[in-house]
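> predicted model and sequence follow; I will ask about them next.
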Amino acid sequence: MKTRTEIILVVLKVLAFLGFIKYSIDCGAQLTNFVASFIDPDWAKRTYEVNLDIFNIREKSIPYYACAMCLTIAVSMLKATIWYVVYALQMKLKLQSPFSMEVEKKLEIIAFLLFAVWIVSALFWKTFAYYLTQDTGVQLPADNSGDEYLFMAGIVYIISQVFKRGIEIQEENQLTV
């Protein structure tokens, strides 16, 4: 009989895989929309995952539009990668010995990927929006701060360091026995 923790981990593994699938589809849809916007802009405007604020930049400046789409696609790719690493982490996690180097490394990778999402969605996006406004006069909504990703990156990194210390203690205990 499975314990409650094992059941929760199985459910979380499924949710992580679904998150990976969702962000992979979003990334693919945005990439398809980006390519289609150069072939048939009217059709691309009506597709799945089109951001009309970004699409309207295309009318003013194609280079800025391409940059905005690349930033949006990069964020989606990073999010899909995060969910894949979370899924891979749960595949490696064993309740009998949770403190392993593999788990600690995956947690660090997740923290760095979350930090990368913050960099792209906050710093690069704000810089892009500033220059877009200066050059074309187009204002983007300011709802893309990404501060939650910096917060999550910090928490996951702290947890990875706790795991690292747990591994050190576990190795010390094995040497003393």
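Yep, that arrived. Residues are numbered from 1 along each chain as shown.
> which stretch of helix or strand covers Trp43?
helix 41-45 (DSSP states H and E).
> report the buried residues of that helix.
For helix 41-45, burial by neighbour count (16 or more other CB atoms under 10 Å) applies to Ala44. C-beta: built from backbone N, CA, C; applies to glycine.
> then the very next helix or strand once past that helix to PDB, C-alphas only?
The element immediately downstream of helix 41-45 (helix or strand, assigned by DSSP H and E) is helix 52-60. Taking C-alpha atoms only, helix 52-60 is exported to PDB below (Å, rounded to 0.1, in the frame of the first residue of the first chain):
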ATOM      1  CA  LEU A  52      -2.500  41.400 -29.800                       C
ATOM      2  CA  ASP A  53      -0.400  44.000 -27.900                       C
ATOM      3  CA  ILE A  54       2.700  42.400 -29.400                       C
ATOM      4  CA  PHE A  55       1.100  41.800 -32.700                       C
ATOM      5  CA  ASN A  56       0.200  45.500 -33.000                       C
ATOM      6  CA  ILE A  57       4.000  46.300 -32.800                       C
ATOM      7  CA  ARG A  58       4.300  44.600 -36.200                       C
ATOM      8  CA  GLU A  59       2.500  47.500 -37.800                       C
ATOM      9  CA  LYS A  60       5.000  50.000 -36.400                       C
END
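> for the helix holding Trp43, packing partners?
helix 4-39, helix 52-60 (3 or more CB pairs under 8 Å, 6 or more residues apart in numbering; DSSP states H and E).
> mean confidence for the first one?
So that's helix 4-39. Across helix 4-39, pLDDT averages out at 91.
> now that helix against helix 52-60, angle please.
20 degrees (axes from the mean of the first three to the mean of the last three CA atoms, to 10 degrees).
> elements contacting helix 4-39?
Helix 4-39 packs on helix 41-45, helix 62-92, going by 3+ CB pairs under 8 Å, 6+ apart.
> that helix vs helix 62-92, what angle?
160 degrees.
> chain center to helix 4-39: distance?
Relative to its parent chain, helix 4-39 has a centroid offset of 10 Å by CA atoms, centre = their mean, to the nearest Å.
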